[in-house]
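Participant: 3D, please:
(4 chains)
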2 protein chains.
Amino acid sequence: MNKPTGLRALKKERTRDAIGDAAVSLFLEHGFDHVSVNDVAAAAEISKPTLFRYFHTKEDLVLHRFADHQGEAARVVRDCGSGIKPVTALHRHFRAGLDRHDPVTGLNDHPEVMAFHRLVFTTPSLAGRLTQYQLKDEEALADAFGEGIRARLRAAQVLAVQRVLARTNWQRIADGRTAHDVHPEAVADADQAFGQLR
Amino acid sequence: MNKPTGLRALKKERTRDAIGDAAVSLFLEHGFDHVSVNDVAAAAEISKPTLFRYFHTKEDLVLHRFADHQGEAARVVRDCGSGIKPVTALHRHFRAGLDRHDPVTGLNDHPEVMAFHRLVFTTPSLAGRLTQYQLKDEEALADAFGEGIRARLRAAQVLAVQRVLARTNWQRIADGRTAHDVHPEAVADADQAFGQLR
DNA sequence: GTTACTAGGTTAAAAAAGCAACTCGGTAAC
DNA sequence: GTTACCGAGTTGCTTTTTTAACCTAGTAAC
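Facilitator: Model (predicted):
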């Protein structure tokens, strides 16, 4: 279950990181639409076909950081065993994210992270593609819940809650407050929201 | 006549440098015989076959710095035109090497260069392989001089002179003197040695 | 005196990267 | 309105690298 070691895997990972870092760095500096994939490839010192072997679309150059969390909710539900309710497991998982100021919870005030979020939400093509990722996430979570319309509805509600919570936190941070300052409210909001899910 | 640009050439050059630097660094630290080619490959983060595609033998990992000067003497003779005597051109070329403290003249007191020379001359297999390089150099120079036994003799004498001069300079530096201090004597020795060649 | 290990060096197949040329949609020039 | 250009993404071919397996010579164990 561990990722394969060796030179091949090592260099692939490095190349992927180099491309992603170069892309985000350029996009933050000049804006998503003012940087071509050729520019990114040149900055990462790889060829254009190689770039598209690592990232299927230009948007993925930015969104792979979300894609890394793909299916996380579904995994939490599958791994929680039978002794504990799925929603409780998801609640605890989100709470843990808040505590470590995970960027996906919106509760992170690092300038780089904030700039990154602004980039995603103010660039239409990026925001659009992000919702596609969220849809896949929702399907996976629904499958983890079971089958039928009820599983789908619950999955949709859980992810809607998480989106709203993250967005709210992000807004507070954007208003100039620190993550540390916002943390208690974020936890209270999460408690209330997940409580209402039951 | 310029080397081709592009990602391929760029990365080849970097890989070659990485291997060479890793090798010399390890050899200087632990000794040539106490470092395996596997160690070098691991340090340079490349596989063993790749290492041998860049350097034919373990010795070449060290001696490529001399190999870069391969055929230099022959080139000087070929390029000197008919208006100037070959020996004079070689003399001037060696003199220029002294002036810029080229390591091949022995007149260089950088600690790294000195350690490198000591490594080569105190490791039998390296010293042996170095003479093979010098033999090829001698053949090339002989061809540049012309044909027959006279050309070969002249080539052998010229290179013998250069070897003795370099070795003498190196010995003076090894005795603790600076390259700057030794320079006048080195020039005088060269003048005398090349003068006698005519 | 076999056995086994190490180190230098090679081989063959498969993965990955580079390169150039291409498609396709948009858009600016004239 | 065609011509030309630019940017996203693709395709086919070549070069480079990894991988694992092998060869050979030396050498230490027992």
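Participant: Averaged pLDDT, the biggest helix by length in chain A. What do you get?
Facilitator: Ranked by residue count, the top helix of chain A under DSSP state H comes out as helix A:148-174. Regarding helix A:148-174, the rounded mean pLDDT is 94.
Participant: quick one, phi psi at the residue of chain A found nearest DNA strand D?
Facilitator: Chain A approaches DNA strand D most closely through A:Gly6 (2.6 Å), counting by Cβ to the nearest atom of the strand. Placement of C-beta: from N, CA and C, glycine included. Taking degrees, to the nearest 10, you get phi 120, psi 160 for the backbone angles of A:Gly6.
Participant: burial measure for it, as a count.
Facilitator: Burial measure for A:Gly6: 10 neighbouring residues, criterion other Cβ atoms under 10 Å in any protein chain shown.
Participant: so what's the residue nearest the centre of chain A up against?
Facilitator: When Cα atoms, centre = their mean is applied to chain A, the residue found nearest the centroid is A:Phe66 (2.8 Å). Residues in contact with A:Phe66 (Cβ atoms under 8 Å, 6 or more residues apart in numbering or on different chains) are A:104, A:130, A:133.
Participant: Near chain B, which residues of chain A are found?
Facilitator: Near chain B, the residues belonging to chain A are A:7, A:10-11, A:45-47 when assessed by Cβ under 8 Å from any Cβ of the partner chain.
Participant: Select from those residues the entry with the lowest predicted confidence.
Facilitator: Within those, pLDDT is lowest for A:Leu7, at 90.
Participant: in chain A, which segments are predicted with low confidence?
Facilitator: A:1-4 (pLDDT under 70).
Participant: can you dump the C-alpha coordinates of stretch A:139-150 into CSV?
Facilitator: Taking C-alpha atoms only, stretch A:139-150 is exported to CSV below (Å, rounded to 0.1, in the frame of the first residue of the first chain):
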residue,chain,number,x,y,z
GLU,A,139,-20.3,10.6,-5.9
ALA,A,140,-17.6,8.8,-4.1
LEU,A,141,-19.0,9.8,-0.8
ALA,A,142,-22.5,8.6,-1.8
ASP,A,143,-21.1,5.2,-2.8
ALA,A,144,-19.4,5.0,0.6
PHE,A,145,-22.8,5.7,2.3
GLY,A,146,-24.5,3.0,0.4
GLU,A,147,-26.9,3.0,-2.6
GLY,A,148,-30.0,4.8,-3.6
ILE,A,149,-31.3,8.3,-3.4
ARG,A,150,-30.9,8.6,0.4
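Participant: Next, the buried residues of the helix or strand that contains A:Gly128.
Facilitator: A:Gly128 belongs to helix A:124-145 when elements are defined using DSSP states H and E. Judged by neighbour count (16 or more other Cβ atoms under 10 Å in any protein chain shown), helix A:124-145 contains these buried residues: A:126, A:129-130, A:133, A:137-138, A:140-145.
Participant: helices or strands up against that helix?
Facilitator: helix A:60-67, helix A:72-79, helix A:111-122, helix A:148-174 (3 or more Cβ pairs under 8 Å, 6 or more residues apart in numbering or on different chains; DSSP states H and E).
Participant: would JSON lines of the ones you listed with distance to A:Arg198 be doable?
Facilitator: Formatted as JSON lines, these follow (distance: least, Cβ to Cβ, whole Å):
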{"stretch": "helix A:60-67", "distance to A:Arg198": "27"}
{"stretch": "helix A:72-79", "distance to A:Arg198": "15"}
{"stretch": "helix A:111-122", "distance to A:Arg198": "30"}
{"stretch": "helix A:148-174", "distance to A:Arg198": "10"}
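Participant: Of the ones you listed, which stretch is the most buried?
Facilitator: Of all those, helix A:60-67 has the most neighbours on average by mean count of other Cβ atoms under 10 Å in any protein chain shown, namely a mean of 19.
Participant: Tell me how far it lies from the chain's centre.
Facilitator: Chain-centre distance of helix A:60-67: 8 Å, with Cα atoms, centre = their mean, to the nearest Å.
Participant: Equivalent analysis for stretch A:113-121, please.
Facilitator: 12 Å.
Participant: So A:Ala73 sits against A:Ala142, correct?
Facilitator: No. Applying Cβ atoms under 8 Å as the test, A:Ala73 and A:Ala142 come out as separate, 10.1 Å apart.
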